[in-house]
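1. Sequence and predicted structure, then a few things I'm wondering about:
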Amino acid sequence: MQLLARRSGCRIQDVAEEFGITVGGTSKVVDRIEAAGYCARRANPNDRRSSLVELTPAGRRVVENAMKAFEAELDARSGSVLPERELERFAAT
């Protein structure tokens, strides 16, 4: 879902290539995400044989909330062991 948030309008094949998994496996995962209401397929205007997958507003909220939780956990874990200057250097990198 994070990939779809970063790259709007991916084809199933694009997602499969990004993660190094089969198109069939990717399609099944997208089917489940779509059934949950977090993404939707639409016709690909450049290729009638494929469709484009995009996050729904609900899917965008899920990704945003997940990233907030991830960043808070990362901050809690790394902030407790690294001095602030090191964290700033890490963030810049």
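-> Okay, I see it.

2. List the residues that contact residue 22.
-> When contacts are counted by Cβ atoms under 8 Å, 6 or more residues apart in numbering, residue 22 touches residue 16. Just so you know, the C-beta spots here come from the backbone N, C-alpha and C atoms, and that holds for glycine as well.

3. How about residue 63?
-> 1-2, 4-5, 55.

4. May I have the residues that are in contact with residue 52?
-> Residue 52 sits next to 9-11, 41-44 when contact means Cβ under 8 Å, 6+ apart.

5. Quickly find the element holding it.
-> strand 51-55 (DSSP states H and E).

6. Sheet partners, orientation included, of that strand?
-> Strand 51-55 has the following sheet partners, assigned by DSSP bridges: strand 10-11 (antiparallel), strand 39-43 (antiparallel).

7. Next SSE downstream of it?
-> For strand 51-55, the following helix or strand on the C-terminal side (DSSP H and E) is helix 57-79.

8. Between strand 39-43 and that following helix, find me the angle.
-> On the basis of axes from the mean of the first three to the mean of the last three Cα atoms, to 10 degrees, helix 57-79 is oriented at 130 degrees to strand 39-43.
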